[in-house]
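let's see this in three dimensions:
(chains A and B)
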There are 2 protein chains.
Amino acid sequence: MTNIRIIEVGPRDGLQHEKTAIPTDAKLALIKRLVEAGLKEIEATSFVSPKWVPQLGDAAELWPQLPAGALYSALVPNARGLERAIEVGVKRIAVFTAASDAFTQKNINMSVDQSIDVFQSVVEEFREKVPDGWVRGYVSTAFECPYAGRIQPQKVVRVCQRLIAIGVDELSIGDTIGVAAPKEVRILTKAIQDVAPVEKIAYHFHDTRGTAIANVDAALEMGITAFDSSAGGLGGCPYAPGAAGNLATEDLLYLLHGLGIETGVNLAKVVEATSFIAGFLGHAPTSKYWQAATARG
Amino acid sequence: MTNIRIIEVGPRDGLQHEKTAIPTDAKLALIKRLVEAGLKEIEATSFVSPKWVPQLGDAAELWPQLPAGALYSALVPNARGLERAIEVGVKRIAVFTAASDAFTQKNINMSVDQSIDVFQSVVEEFREKVPDGWVRGYVSTAFECPYAGRIQPQKVVRVCQRLIAIGVDELSIGDTIGVAAPKEVRILTKAIQDVAPVEKIAYHFHDTRGTAIANVDAALEMGITAFDSSAGGLGGCPYAPGAAGNLATEDLLYLLHGLGIETGVNLAKVVEATSFIAGFLGHAPTSKYWQAATARG
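Numbering: from 1, shown residues only, chains lettered A, B, ... in the order given. From the prediction side, this is the model:
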């Protein structure tokens, strides 16, 4: 097992939840360090309205300055976002929905089906204007919704099926509030395979209750080869401030290397990248590996 | 899979590393809360010399006051410790060695073999005086030693073999500095089964690099049914101050419950027990579950 892909989402999904405004130069310096560490796929920003996510309001300014050496993607919420993204040459986009209507209603004021209707025209336009483009579809709250409770696998499968039908190249299945245990990951992975091959399934685990690494291990055993993570665990958990959110890239790498999987990523350099950006935040990174690597003593 | 044993080691292994002196009454109140939460096996203290571990210098005073409702064990380092333990009626003891001579030399000023020679007479005397007693043997640094580096499984197996030969009832295999990945756990578990049945093997994982829960999951799959953990992750990592040490009982319970394994332990009450003792420490517990459960917001 050597072709494991790591999709670094810290600069987008991590930073968007950080309260302290991070200067564009600091974001670029973070991304440069992540690229130098060997990360090959990075979700760099979002072309969401700056009104909603001020932290990523500099997307159009940031994009042309991204350092060479990695494949970059950007989140695109709607037609207006797509337009802004295409203007600066974005070739890889991500669209964001969920397995829970309560969640999408609260977050984007649409039902899940309505959001996929919107994305259908977004993806169509993207394919037309960027024929060599690539699209990933986030399926958030795939295990539990903070508003609607537990989510049945069949609900996730239906959303995946619709996203595959509108032509996404990859699904990113999110444990948004970090509740999943390995058993559920095995069950859900099996269920999703009815509508998408494992090669099109990525997992986006959160470590809120300490299970993310065990879930990665379970997913690897099921043949999953792509995982989202965030340097240092950037982003925290918006639903439990102070708790861990995104699986930390360092913790993911430590597991993969410990399993004998070569990633080509230099773990020590990711720790340095996290330490660099931590200087701009008002709190310590949640990554256990980062904490151990930078421990005093 | 319903008969999973959790050995709560917070009051001994957790507190012994805490710098702030905890009053005996507070230790008893912590233990009472853990028992009320449903924990059935608790390592309550150590009969080590107060000169070495002042935090546990109150062992003889604490022991007779332990609340009913759980099986208690105590660490016993030598003949003098055994004598003190037997005096107050201890029926379950633990002895502590390692898979690395460099580690035992530094910690107890003996080679591994010398330490087992000492324990042989300790166990003999214990069996004579407490015929219905129970003994566990800790095998520390089973994956890596902070002084000697990586440890080969065969070295661990030899130590286990000697401990079984002197009559310990259970082995507790420790990932003392929290480096193991699931693959190594599978390899080591298989190797130890040459000298001990799975029923006699417990794991004592540390979460220093975030792999403890994944390691538990791997061990469960290998048939292991006993795990050490510490409320809140009490104890930290003596080799990387500020980093996580003992696997947190909350994180372990969350995984087990998520796998559909009934433990009879009330997770919310363990969180309360941790919050109680956290008031006496100068730092926040490292348990991810505890952090999520007590998050502001």
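
how about A:Ile151: what's its closest non-neighbour residue?
Closest residue in space to A:Ile151, ignoring its immediate chain neighbours: A:Ala99 at 4.9 Å, by C-beta to C-beta, 6 or more residues apart in numbering or on different chains. Placement of C-beta: from N, CA and C, glycine included.

show the contacting residues for the one you found.
By C-beta atoms under 8 Å, 6 or more residues apart in numbering or on different chains, the contact list for A:Ala99 reads A:Val112, A:Val139, A:Ser140, A:Thr141, A:Ala142, A:Cys145, A:Ile151, A:Lys155, A:Val156, A:Val159.

count the neighbours of the first one for me.
In this case it means A:Val112. For A:Val112, the count of nearby residues is 24 (other C-beta atoms under 10 Å in any protein chain shown).

check contacts around it.
A:Val112 makes contact with A:Thr97, A:Ala98, A:Ala99, A:Ser100, A:Asp101, A:Thr104, A:Val159, according to C-beta under 8 Å, 6+ apart.

could you dump those into a markdown table and include distance to A:Pro54?
Shown next, in a markdown table, are the contacts of A:Val112 (distance: C-beta to C-beta, whole Å):
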| residue | distance to A:Pro54 |
| --- | --- |
| A:Thr97 | 23 |
| A:Ala98 | 23 |
| A:Ala99 | 28 |
| A:Ser100 | 26 |
| A:Asp101 | 27 |
| A:Thr104 | 22 |
| A:Val159 | 29 |
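
show me just the buried residues among the residues you listed.
Among these, those classed as buried by 16 or more other C-beta atoms under 10 Å in any protein chain shown are A:Thr97, A:Ala98, A:Ala99, A:Ser100, A:Asp101, A:Thr104, A:Val159.

part of a strand, is the first one?
This points to A:Thr97. Yes - per DSSP: H, G, I helix; E, B strand; the rest coil, A:Thr97 lies within a strand segment.

can you give me phi and psi for the closest residue to it other than its chain neighbours?
Nearest residue to A:Thr97 in three dimensions, chain neighbours excluded: A:Ser115, at 4.4 Å (C-beta to C-beta, 6+ apart). The phi/psi pair for A:Ser115 (degrees, to the nearest 10) reads phi -60, psi -40.

can you pull out the helices in the stretch 151-297 of chain A?
A:153-165, A:182-192, A:212-221, A:249-258, A:267-278, A:288-293 (DSSP state H, counting those that start in this stretch).

closest one to chain B among the ones you listed?
With distances scored as C-beta to the nearest C-beta, the stretch of the helices of the stretch 151-297 of chain A nearest to chain B is helix A:249-258 (2.6 Å).

what about the closest one, average pLDDT?
In this model, helix A:249-258 has a mean pLDDT of 98.

what residues sit buried inside that helix?
A:Thr249, A:Glu250, A:Asp251, A:Leu252, A:Leu253, A:Tyr254, A:Leu255, A:Leu256, A:Gly258.

kindly report the same for stretch A:155-172.
A:155-157, A:159-160, A:162-164, A:166, A:168, A:170-172.

sorry, back to before: do you know how far the residue nearest to A:Ile151 is from chain B?
For A:Ala99, the distance to chain B (C-beta to the nearest C-beta, to the nearest Å) stands at 18 Å.

go ahead and confirm A:Ser287 touches A:Gly235.
No - the pair formed by A:Ser287 and A:Gly235 falls short of the contact definition of C-beta atoms under 8 Å, at 11.4 Å.

tell me the contacts of the closest residue to chain B within the stretch 1-150 of chain A?
Using C-beta to the nearest C-beta, the closest approach of the stretch 1-150 of chain A to chain B is made by A:Phe143 at 9.8 Å. Shown in contact with A:Phe143 (C-beta under 8 Å, 6+ apart): A:Arg150, A:Ile151, A:Asp175, A:Val179, A:Ala180, A:Glu184, A:Leu188.

just the ones in strands from those residues, please.
Counting by DSSP state E, those place A:Arg150 in strands.

for the residue in the stretch 51-200 of chain A positioned nearest to chain B, give its distance to B:Asp251.
Nearest residue of the stretch 51-200 of chain A to chain B: A:Ala181, at 2.6 Å (C-beta to the nearest C-beta). Distance, A:Ala181 to B:Asp251, by C-beta to C-beta, to the nearest Å: 11 Å.

show me the shaky parts of chain A.
Scanning chain A for pLDDT under 70 picks out the ranges A:1-2, A:297.

which residue ranges of it form strands?
A:5-8, A:41-46, A:71-75, A:92-98, A:134-140, A:144-145, A:149-150, A:170-174, A:201-204, A:226-229.

would JSON lines of those strands with distance to B:Ile201 be doable?
Shown next, in JSON lines, are the strands of chain A (distance: least, C-beta to C-beta, whole Å):
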{"stretch": "strand A:5-8", "distance to B:Ile201": "34"}
{"stretch": "strand A:41-46", "distance to B:Ile201": "40"}
{"stretch": "strand A:71-75", "distance to B:Ile201": "45"}
{"stretch": "strand A:92-98", "distance to B:Ile201": "42"}
{"stretch": "strand A:134-140", "distance to B:Ile201": "39"}
{"stretch": "strand A:144-145", "distance to B:Ile201": "34"}
{"stretch": "strand A:149-150", "distance to B:Ile201": "34"}
{"stretch": "strand A:170-174", "distance to B:Ile201": "34"}
{"stretch": "strand A:201-204", "distance to B:Ile201": "31"}
{"stretch": "strand A:226-229", "distance to B:Ile201": "31"}
